[in-house]
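Next one to model:
(2 chains)
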There are 2 protein chains.
Amino acid sequence: MKVVVICGGVGAARLLRGFVGMVPAGDLTAIANVGDDMVLHGLSISPDLDTIVYTLADAVSAERGWGLEGETWQAMEMIAAYGAVSGQPLDWFSLGDRDLGTHLFRTGALAAGATLDAVTAQIVERWSLPLTLLPVSNDPIRTMVTVAEGPDAGDEISFQEYFVGRQHSVAVSAVRFAGADAAAAGPGVLDAIDEADVIVIAPSNPAVSIDPVLAVTGIRERLTARRTNVVAVSPIIGGKALKGPADRLLVELGRESSATAVAEWYADVVGTLVIDTVDAAQVDAIEALGVRSIVTETIMSSPEITRALAETILDAGQP
Amino acid sequence: MKVVVICGGVGAARLLRGFVGMVPAGDLTAIANVGDDMVLHGLSISPDLDTIVYTLADAVSAERGWGLEGETWQAMEMIAAYGAVSGQPLDWFSLGDRDLGTHLFRTGALAAGATLDAVTAQIVERWSLPLTLLPVSNDPIRTMVTVAEGPDAGDEISFQEYFVGRQHSVAVSAVRFAGADAAAAGPGVLDAIDEADVIVIAPSNPAVSIDPVLAVTGIRERLTARRTNVVAVSPIIGGKALKGPADRLLVELGRESSATAVAEWYADVVGTLVIDTVDAAQVDAIEALGVRSIVTETIMSSPEITRALAETILDAGQP
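Residues are numbered from 1 along each chain as shown, chains lettered A, B, ... in the order given. Okay, the predicted model is just below:
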C-alpha cells in the first residue's frame, strides 16, 4: 500500500514515526512544506524538512521538539557576543553547531547547482531514513503573515519572524504564500499523490503548514479528485493545539478553534477527519459538512498510540 | 606618531602585535587585504581580517596560525558526513564552530545593510582590540590565479581554491585582482594613509596579499607620493618564505625568491626595505634599486624580537 503524508514540522514528524516500519520504505513518501524556509545569515534553512529528518533519525531534541539532541551552541554564543546590528539582534533564531552543518551543506549544495529535492534526498540517505522525503517544490515559497495589532499592524512579516522572532504571540489578520502561484510541484510530488493508495494530511497547522503545500499548482486539484482516500488528523484537540498557534490562528482568521473548524477548513480535499476522543461529540457536526469522522486517541504520547493512530488512518483511507 | 600597516594575514597579524602597546590605539590603523574573501556555503568569509582579529585578541590557534584556539568542529563533521556534491566535497575549507559565529555575524550584518568596515569595527570592538582595522575596500575584490600546469592549465581559480583547496601546490602563471579597478578605497583608508607618519607594508605575500591592496584606486599613488615614509618588511628570508607560497610565486611570476626581488617588486612605493640578517649581503643590490635597506632580525619568534622589529620600522619610516 502506497502512502503519501503531507507534512508540516513537529506534528507531522511524530505521525511519520508511526508509518515508518509499518509501510515499506519504497511505499512511504512525505511531502513537506517549504513555506517556513528562509535565508538567514546567508544560510538556506528548511525547518520542516529538518524537523522531519531529525525526528525520524531519533536525533531530535526531545525537550525542544526541533534541532538536534546533545547540540552545542558555540557559533550562537559568538554571534550573540558580537551584539545587535541597527538595533536588531542577530541571535533570535537558534542555530546549533551540528544543525549548522546541515544548513551549510544545504546552502553549499544549492550553490553548487543541486536542487532542493536532491539535497534533501542526500540528507535522508546520510541519516538512513526509510522513506522518500520530498519538498513540495524546488521553487521558493514564503509564508507571510499580516500583523493585526501593535505598532506594525497591517505589515507583513515572514513566518519565522512571526513564529520564532515574536514567538507567535502577536495576532494575525491574514496569511499569504508568496511565490506559491509560480511554484511548480517538485519532481515526484504529483506522481506520488497519483500513485498513493492513501493520502494523509498530518496534524500540522492547517493555516500555515498544510495550506502552503496545497497552494502549489496541481496539489489541491489532485487531492480533491482523490478526496475519498484523503485522511486528515485534526491538530485541534479539545479546542487547543498541542503545540504552536494553530488554535489562535483559526480564531484570528475568522473560524473557531475546534475539530469541526478543521473539517470545514479541509472539506474540499479531505474525505475523512480523524479526531480525538475528547472531541467525540463533534462527529455529527463534522459529518454534516460531508466529511467522514473517526474518533480515536490522537495524542502521540507513546509509540503504541502513534502506531495505532497510523493504522486507523490507513484503514480510513480505503473505505 | 600615526602608523598605518598594510596587511595580509598571518605575517601582518604577527607584526601588528609589535605595534600594539607601542603605538596608541587612536594612532594605529591596519588596512587589510580583502582579495582572499569569499562567499562559501552562503557565508561571507574574510580570512585576513579574521586572522588579524584573532591574533591580536590572543585567541588565534598557535598551532594553525589561523582560526581560534580551543575550537570545536561539530558543523564541519556534519558537513563531511553528508558527503560530496557532484563529486566535489563541501568540507575542503575548515570552519570551526566559534569561527562560524564570526562568519554568520558578518553575513547577517551585511544582509541587514551594514558595510564591511562597520561590521569589522563591531568585531574589533567585541574583542577590545586597541587599533583601527579597515578593510581596504567595502567593494568585492577577488584575487584570481591562473593555473600553469596540469589538466586545468590556463584556467583561473580563486585564491582560496589555490591556497586551501590545492594547498598552494600547483604552479601559477598569473595573478589578477577581479573587481579592484572598480573598487573604491573604504571609508577612512585614504585619510589614514595621508595622515600617517609611517606607512608599513607587512611581511605578507607581495603578489597575492599586498598587491590586491595596492590595486585599489588611489592607494598606489598615495604610497608613491609618501615613499620616503613607506617601510616594507621582506617576507623572503634566506630565499624562503616563512609560511605560504610567496617564494614559489615570485619565481613562477618571473622574479627570483630573494629580499632583492622583494625590493624590486615594491621599488615604486617603498623607501626602505627591512631585511633579515641572513640576507645582509643583499644590501648593496637592494640600494642599487633606489631602496634603502636596513638589516635586523625579522623572524618574530618572541615578543621582544617583534617589538624590536616594530621599533626599527618606525625609526626607518622617519629618515
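
elements contacting the helix or strand encompassing A:V53?
Using DSSP states H and E, A:V53 sits within helix A:47-56. Helices and strands touching helix A:47-56, by 3 or more CB pairs under 8 Å, 6 or more residues apart in numbering or on different chains; DSSP states H and E, are helix A:10-19, strand A:28-32, helix A:97-111, helix A:116-126, strand A:132-135. Heads up, the C-betas are built off the backbone N, CA and C, glycines and all.

Please convert those to JSON lines, extending it with mean neighbour count, distance to chain B and mean pLDDT.
Shown next, in JSON lines, are those (neighbours: other CB atoms under 10 Å in any protein chain shown; distance: least, CB to the nearest CB, whole Å; pLDDT from 0 to 100):
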{"stretch": "helix A:10-19", "mean neighbour count": "25", "distance to chain B": "19", "mean pLDDT": "97"}
{"stretch": "strand A:28-32", "mean neighbour count": "28", "distance to chain B": "18", "mean pLDDT": "98"}
{"stretch": "helix A:97-111", "mean neighbour count": "25", "distance to chain B": "2", "mean pLDDT": "98"}
{"stretch": "helix A:116-126", "mean neighbour count": "19", "distance to chain B": "5", "mean pLDDT": "98"}
{"stretch": "strand A:132-135", "mean neighbour count": "24", "distance to chain B": "14", "mean pLDDT": "98"}
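
The ones you listed into JSON lines, with extra columns for distance to B:D99?
As requested, those are arranged in JSON lines below (distance: least, CB to CB, whole Å):
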{"stretch": "helix A:10-19", "distance to B:D99": "31"}
{"stretch": "strand A:28-32", "distance to B:D99": "31"}
{"stretch": "helix A:97-111", "distance to B:D99": "11"}
{"stretch": "helix A:116-126", "distance to B:D99": "24"}
{"stretch": "strand A:132-135", "distance to B:D99": "30"}
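
closest to B:T272 out of the ones you listed?
Between B:T272 and the helices and strands packed on helix A:47-56, the shortest gap by CB to CB is with helix A:97-111, which sits at 45.0 Å.

and that closest one, what does it pack onto?
Using 3+ CB pairs under 8 Å, 6+ apart: helix A:97-111 touches strand A:43-45, helix A:47-56, helix A:74-82, helix A:116-126, helix B:74-82, helix B:97-111.

Establish whether the first one and chain B are in contact.
Yes - under the criterion of CB under 8 Å from any CB of the partner chain, strand A:43-45 makes contact with chain B via A:L43, A:S44.

What strands flank that strand, and is each parallel or antiparallel?
Sheet pairing of strand A:43-45 (DSSP bridges) gives strand A:38-40 (antiparallel).

hang on, the earlier thing: between the helices and strands packed on helix A:97-111, which one is closest to A:E304.
Among the helices and strands packed on helix A:97-111, if distance is taken as CB to CB, the winner is helix A:47-56, at 17.5 Å.

angle of that closest one against strand A:28-32?
Angle of helix A:47-56 versus strand A:28-32, following axes from the mean of the first three to the mean of the last three CA atoms, to 10 degrees, is 140 degrees.

and the angle from helix A:47-56 to helix A:97-111?
Using the same axes, to 10 degrees: helix A:47-56 against helix A:97-111 is 130 degrees.

now helix A:47-56: mean pLDDT?
Averaging pLDDT along helix A:47-56 gives 98.

give me the residue from the stretch 201-319 of chain A nearest chain B.
Residue nearest to chain B within the stretch 201-319 of chain A (CB to the nearest CB): A:P212, separated by 23.0 Å.

Next one: that residue, what pLDDT does it get?
A:P212 carries a pLDDT score of 98 in this model.

secondary structure element for it?
Here A:P212 is assigned to helix A:211-214, by DSSP H and E.

list the helices and strands that helix packs on?
Using 3+ CB pairs under 8 Å, 6+ apart, helix A:211-214 sits against strand A:3-7, strand A:172-178, helix A:219-225.

Report the contact partners of A:W92.
Taking CB atoms under 8 Å, 6 or more residues apart in numbering or on different chains, we find A:W92 in contact with A:V164, A:G165.

Over to it. Which of the three states is it?
coil (DSSP: H, G, I helix; E, B strand; the rest coil).

what about it, distance to A:T102?
19 Å (CB to CB, to the nearest Å).
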